[in-house]
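Asks: the following comprises the amino acid sequence and a computationally predicted model.
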Amino acid sequence: MRRFTLIAIPYLWLFALFLVPFLIVVRISFSYYELSIPPYGPQLDLSTGWDGVKAFFAELNWENYAFLTGDDLYWKAYLSSLKIALIATFFTLLVGFPIAYAMAKAAEEWRPMLMMLIILPFWTSFLIRVYAWIGILGTEGYLNQLLLGIGLIDAPLTILNTNVAVYIGIVYTYLPFMVLPIYAALEKMDDSLLEAAEDLGCTRTQAFWLVTAPLAKSGIIAGCFLVFIPSLGEFVIPSLLGGSDTLMIGKVLWEEFFSNRDWPVASTVAVILLLILIIPIILFQRNEQKQRETDG
Amino acid sequence: MKKIALLLATTTFASAAFAEEVRVYNWSDYIDEDLLTKFEEETGIDLIYDVFDSNEVLETKMLAGSSGYDVVVPTGDFLQRQISAGAFRPLDMDQLPNAGNLWDIIEARTAQYDPENAYSINYMWGTTGLGVNVAKVAEVLGEDAPINSLDLIFNPENMEKLSACGVYFLDAPSEVIPAALNFLGEDPNSEDSDAIAKAEELLMGVRPYIQKFHSSEYINALANGDICVAFGWSGDILQARDRADEADNGVEIAYNAPTEGALMWFDQMAIPVDAPNPEAAHTFLNFILDAQNMAAASNYVYYANGNLASQEFLIEDVIGDTAIYPDAATLENLYTKAPYDSRVQRTITRLWTKIKSGT
């Protein structure tokens, strides 16, 4: 019985906070647009009993899914989001790994303090931190003033409102999600393993690739997913820092929902985005499971 | 006696449950905040004041229902569609004794969105036009730059030069496409696909030189000197002008409604059909309709209002500025925009995405 309760709690959580909202979105994705409150139909009419239910299901259709295949905008937006998310994840790893490595190698008494420094930015609102980047990256912004001041450039760089600004925003925002899991993995590492590798004739670089990297793998994978998944559907960073030509699925979704008032098509876009996201999550879970099996 | 007690009980209950709070959802930077305190002091009603910066966000809340707001401020064409979706309750004119202050010329124009003005009162109105950084534009295009003509932003030769100092456009297809059609000599309200295709071609020609489409960032960008031209709303550009003056950063901003004709828009106050406290909403509307209150709001935000009686309380900077209160000839030249039907809306949004992202 106790075991059952223990399992039931996370499943209940998933059911209430994931499955129910998702099913509502799926239901809207099979509906059609209508100028009313709410702006879609059909509405389930229970007053007519079973006939009402039948009529309701008869009116649901696949039209919105067919519509998405008819316009290349959606596929281009998915692909462009994938590209931006992949590149941003790569750079976050590039910046995050050395930080995590340095933290794990730092003296024991320094670590809580370093950890604090990583977490500290979260105490300021995410939106304000992204806004701050507008001030830094603008044509008249601090970065350009600095570079002009020390004579590195002659004319201000255009960074704000380009994809470069989006990458900077994503790397900055999601860096802690990359650093923390890698740090957790590296911290557990036994330094004597490296000594053994060197005793057996490895150079420092070889020891890094043969010992440190495989041990950090689970942390790297976890970090990459924690960065990749939210940046794929990211809306705030591209709309504040990106240019008007930054095409991301989050913006397309916004436009369907707000400009076209077409909740059914917006829901369809969201359902497909979720399917794209669920595949890496399943792969990740499998990987974790394998890891646990080999560890156990 | 019992009856009186009961009456007392019901009135206290009524004031506790219905007259304590009014929730207003208005555009950002769109009122003198002293008015909010004044309202609370005069009426004893708690005012909860939230802001938005796009009609789309407001409309989605209205169409989702149960927004919890008592007063909202959609623009005319959005109002019209929301009225047909059944989102608003008709106004009770008996509760709005100050409605006599309204300006008949504006009411005649708003009636095309809200027949007989049954659901809404005009809050502010303005035009969509050209904001320029005078010095920078003169530097790029020379002293005789067409800063009061759409030629400034729709002629690729001008735009190519201007792109060096930065151009922002409103991220609002329902304002930019009519302007493009108007520039081409077409009916700004045209839903004809050939005309729209011509507008697309025109916009595509200048697209490479537009740095960003956004509906509020241009205020700061103009005031800081980050950009030199914005196609935006009159009052926002005038606010940028004042911010630059205050900052004393040497930036001089000017606003002009294009001589080819400009879009005239109306922000209307209305009461959602499911407003929790419609009585307090009427109290708020009546407060806003007061000539001195409305004048205070206009004196602060630099937008014209639809309140004739308020005009004697307006400062010279507002009533005397033809960028805010256009002269009769310009007023004649302004056009209005009806909402697109949902099929045309989809074409327009798709076209807009194509213009913005090239896809």
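Replies: All right, it came through fine. Numbering: from 1, shown residues only, chains lettered A, B, ... in the order given.
Asks: assumed A:Asn61 was part of a strand.
Replies: No. Counting by DSSP: H, G, I helix; E, B strand; the rest coil, one finds A:Asn61 to be coil, located in no strand.
Asks: quick one: contacts for it?
Replies: By Cβ atoms under 8 Å, 6 or more residues apart in numbering or on different chains, the contact list for A:Asn61 reads A:Phe30, A:Tyr32. C-betas here are computed from N, CA, C, even on glycine.
Asks: close to chain A: what parts of chain B are there?
Replies: Contact residues (Cβ under 8 Å from any Cβ of the partner chain) of chain B with chain A: B:54, B:56-57, B:59-60, B:62-65, B:81, B:84-87, B:166, B:171, B:173, B:210-214, B:224-226, B:342, B:345-346, B:349-350, B:352-354, B:356-359.
Asks: what's opposite the closest residue to chain A within the stretch 101-250 of chain B in the beta bridge?
Replies: Closest to chain A within the stretch 101-250 of chain B is B:Phe213: 4.4 Å, counting by Cβ to the nearest Cβ. Taking DSSP bridges as the rule, B:Phe213 bridges to B:Phe169.
Asks: which ones are touching A:Leu86?
Replies: A:Phe228.
Asks: count residues in the vicinity of the closest residue to chain A within the stretch 1-150 of chain B, would you?
Replies: At 3.6 Å from chain A, B:Glu56 is the closest residue in the stretch 1-150 of chain B, using Cβ to the nearest Cβ. Using other Cβ atoms under 10 Å in any protein chain shown, the number of residues around B:Glu56 comes to 20.
Asks: from memory it sits against A:Asp262, does it?
Replies: No. With contact defined as Cβ atoms under 8 Å, B:Glu56 does not count as touching A:Asp262 (11.8 Å).
Asks: coming back round to it: and the residue nearest to the residue of the stretch 1-150 of chain B closest to chain A when sequence neighbours are not counted, how many neighbours?
Replies: Of all residues not flanking B:Glu56 in the chain, A:Phe258 sits nearest, at 3.6 Å (Cβ to Cβ, 6 or more residues apart in numbering or on different chains). A:Phe258 has 18 neighbours, counted by other Cβ under 10 Å.
Asks: am I right that A:Ala88 is in a strand?
Replies: No. Using three-state DSSP, the assignment for A:Ala88 is helix, not a strand.
Asks: for A:Tyr174, see how far away it is.
Replies: Distance check for A:Ala88 against A:Tyr174: by Cβ to Cβ, to the nearest Å, it reads 8 Å.
Asks: next: B:Asn293.
Replies: Applying Cβ to Cβ to B:Asn293 and A:Tyr174 gives a distance of 47 Å.
Asks: next: A:Ile119.
Replies: 14 Å.
Asks: tell me which of those two has more neighbours.
Replies: Each of A:Ile119 and A:Tyr174 has its neighbours counted (other Cβ under 10 Å); A:Tyr174 has more, 23 against 12.
Asks: endpoints of stretch B:154-172, how far apart?
Replies: The straight-line separation of the ends of stretch B:154-172 (Cα to Cα, to the nearest Å) is 16 Å.
Asks: show me what counts as buried in it.
Replies: Neighbour-count burial for stretch B:154-172 flags B:154-155, B:158-159, B:161-163, B:165-172 (criterion: 16 or more other Cβ atoms under 10 Å in any protein chain shown).
Asks: may I have the residues that are in contact with the residue of chain A found nearest chain B?
Replies: Chain A approaches chain B most closely through A:Phe258 (3.6 Å), counting by Cβ to the nearest Cβ. For A:Phe258, the contacting residues are B:Ser54, B:Glu56, B:Val57, B:Glu59, B:Thr60, by Cβ under 8 Å, 6+ apart.
Asks: B:Ala291 now?
Replies: Contacts of B:Ala291 (Cβ under 8 Å, 6+ apart): B:Asn98, B:Asn101, B:Asn307, B:Ala309, B:Ser310, B:Glu312, B:Phe313.
Asks: how about it: what's its closest non-neighbour residue?
Replies: B:Ala309 (3.8 Å).
Asks: mind listing what the one you found touches?
Replies: B:Gly100, B:Asn101, B:Ala291.
Asks: are we agreed that B:Asn122 is in a helix?
Replies: No. Counting by three-state DSSP, B:Asn122 falls outside a helix, being strand.
Asks: ok, it - contacts?
Replies: B:Leu102, B:Trp103, B:Ile106, B:Glu107, B:Thr110, B:Phe266, B:Asp267, B:Gln268, B:Met269, B:Asn305, B:Gly306, B:Asn307.
Asks: so which of those are in helices?
Replies: Under the assignment DSSP state H, the contacts of B:Asn122 contribute B:Ile106, B:Glu107, B:Thr110 to helices.
Asks: can you give me phi and psi for the residue positioned nearest the centre of chain A?
Replies: Taking Cα atoms, centre = their mean, the centroid of chain A lies closest to A:Pro230, which sits 1.6 Å from it. When read as degrees, to the nearest 10, the backbone of A:Pro230 gives phi -70, psi -30.
Asks: is it in contact with A:Tyr174, as I believe?
Replies: Yes. Counting by Cβ under 8 Å, A:Pro230 does reach A:Tyr174; the two are 6.9 Å apart.
Asks: which pLDDT value goes with residue 72?
Replies: No chain in the question, so chain A it is. Listed pLDDT for A:Asp72 reads 88.
Asks: actually, chain B is the one I wanted.
Replies: For B:Val72, pLDDT reads 97.
Asks: contacts only, for it.
Replies: Per Cβ under 8 Å, 6+ apart, neighbours of B:Val72: B:Val24, B:Tyr25, B:Asn26, B:Leu58, B:Lys61, B:Met62, B:Met269, B:Ala270, B:Ile271, B:Pro272.
Asks: what's the neighbour count on the fourth one?
Replies: When you say that, I think you mean B:Leu58. 24.
Asks: please list the residues outside the helix or strand that contains it that contact it.
Replies: Following DSSP states H and E, one finds B:Leu58 within helix B:55-64. Residues outside helix B:55-64 that contact it (Cβ under 8 Å, 6+ apart): A:36-39, A:257-259, A:261, B:25, B:52, B:67, B:69, B:72-75, B:78, B:81-82, B:85, B:87, B:272.
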